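Asks: take this sequence and fold it.
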Amino acid sequence: MEHVPRDIKQQEGPTLTKRGPSSTLRAWELGMRLRRARGDLGLTAAAVAKRVGIAPSNFSAIEAGKRRVTASNLAQLTDVYELDDAEREMLESLRVDAEQRNWWHDYAELYSEEFLRFLGLEAGASTVREWAPIYVAGLLQTNEYARATIRAGSPYIKAVDVGPRLETRLARQTLLEEEPRLNMEVNLSEFALRQQVGGPAAICRQLDQLTEVITRDNSTVKVRVVKYTAGAHALTGGPLSLLSFDNVLLPDLIWQETAITGNLIDRVQVIREFKASFENVFESVALDDEDSLALIQQIRHEMEAAA
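Replies: Below is the predicted model of the structure:
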């Protein structure tokens, strides 16, 4: 029997507990604020790193939010940047939050550093816009659907790792249940709805789950279906997710996942183009909310008959 922590079992339904801070996001914000303070004084990264005795590569990683900074080094940096007491206190608060251990750190041996960073960023996002051409979006998957996609994901995934990977998938879904709840917009291909992941009975339960999430009271999830007949459109290609944050300092990021790897993209032009393409498909190509729900339910009935 798989081990799924009680607080992430789907059948227990949404629980409106408070979403805790993401240490990954706090580290990123801290790095951005330090970089801005350095830039305000016209100082180079190399000069500051030498002055406070931090290796240049480590200093760059701190500013990128990929490496933690010690309390003593932060104090030195705030001295160099001549920050006032309020700014120092705020930065120290971010540093302390960045040191906290979140649930995804328990899976450090299972995933790449890039995917763990994605998990931390997603946990701190305010909005996710996702193009899902192959599978139902991970945040909306049922237990058995997720298990089937994980098992099929790679011939190198060990049987013993399926359970922990499933836990990760389901733990992410608490973002739709904890306040402030994640806002989510999905362009979902009709192919993904008809792909019989786990068999007709499993896909029926997946489509029921999709319907329940979309129609629940005060839902923060919108799913619009791109039909086969839509033809070529601006999102033709593999799955992509756009993460947005409720913080003016933190820019949008794209998570791109392929069959063998995944990476975060921060190039401004690429992000701008994806946002424009997503909005075009969401507003002008995909079915509207009502017709999308009707098609999901229609396909569900077809699958039930096939089962």
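Asks: need the three-state assignment for the residue lying farthest from the centre of the chain.
Replies: No residue in the chain sits farther from the centre than residue 51, which is 36.6 Å out by C-alpha atoms, centre = their mean. For residue 51, the assignment made with DSSP: H, G, I helix; E, B strand; the rest coil gives helix.
Asks: ok, it - contacts?
Replies: Taking C-beta atoms under 8 Å, 6 or more residues apart in numbering as the definition of contact, the neighbours of residue 51 are 76, 80. Glycine gets a C-beta too; all of them are placed from N, C-alpha and C.
Asks: could you redo the last one with a cut-off of 10 Å?
Replies: By C-beta atoms under 10 Å, 6 or more residues apart in numbering, the contact list for residue 51 reads 43, 76, 77, 79, 80.
Asks: next, count neighbours for the last one.
Replies: Applying the criterion other C-beta atoms under 10 Å, we find 16 residues in the vicinity of residue 80.
Asks: got a list of what it touches?
Replies: For residue 80, the contact set (C-beta under 10 Å, 6+ apart) comprises 37, 38, 41, 43, 47, 48, 51, 52.
Asks: how much space separates the second one from residue 56?
Replies: What that stands for is residue 38. Noted for residue 38: a distance of 13 Å to residue 56, by C-beta to C-beta, to the nearest Å.
Asks: now do the fifth one
Replies: With distances taken as C-beta to C-beta, residue 47 is found 10 Å from residue 56.
Asks: one more: the first one?
Replies: In this view, residue 37 and residue 56 are 18 Å apart by C-beta to C-beta.
Asks: give me the more crowded residue out of those two.
Replies: A count of neighbours by other C-beta under 10 Å puts residue 37 above the other of residue 37 and residue 56, at 19 against 12.
Asks: the more buried one touches residue 82, doesn't it?
Replies: Yes: because the distance of 8.7 Å satisfies C-beta atoms under 10 Å, residue 37 is recorded as touching residue 82.
Asks: so which residues of this protein form helices?
Replies: If DSSP state H is used as the criterion, the helices of the chain fall at 23-40, 45-52, 56-63, 71-80, 85-98, 113-124, 143-153, 159-172, 190-194, 200-215, 268-280, 289-306.
Asks: show the buried residues in the contacts of residue 80.
Replies: The neighbour-count criterion (16 or more other C-beta atoms under 10 Å) marks 37, 38, 48, 52 among the contacts of residue 80 as buried.
Asks: the closest residue to the last one other than its chain neighbours: what's it in contact with?
Replies: For residue 52, the nearest residue in space outside its immediate sequence neighbours is residue 76; the separation is 4.3 Å by C-beta to C-beta, 6 or more residues apart in numbering. By C-beta under 10 Å, 6+ apart, the contact list for residue 76 reads 48, 51, 52, 53, 54, 69, 70.
Asks: go with 8 Å
Replies: For residue 76, the contact set (C-beta under 8 Å, 6+ apart) comprises 51, 52, 53.
Asks: burial count for residue 179?
Replies: By the measure other C-beta under 10 Å, the count of residues near residue 179 is 9.
Asks: report the beta-bridge partners for it.
Replies: Beta-bridge partners of residue 179, counted by DSSP bridges, are residue 18.
Asks: just to check, residue 252 is in contact with residue 273?
Replies: No: at 11.9 Å, residue 252 and residue 273 do not qualify as touching, with contact defined as C-beta atoms under 8 Å.
Asks: out of those two, which sits in the more crowded spot?
Replies: Set side by side, residue 252 and residue 273 show unequal neighbour counts under other C-beta under 10 Å, the larger going to residue 252 at 18 against 13.
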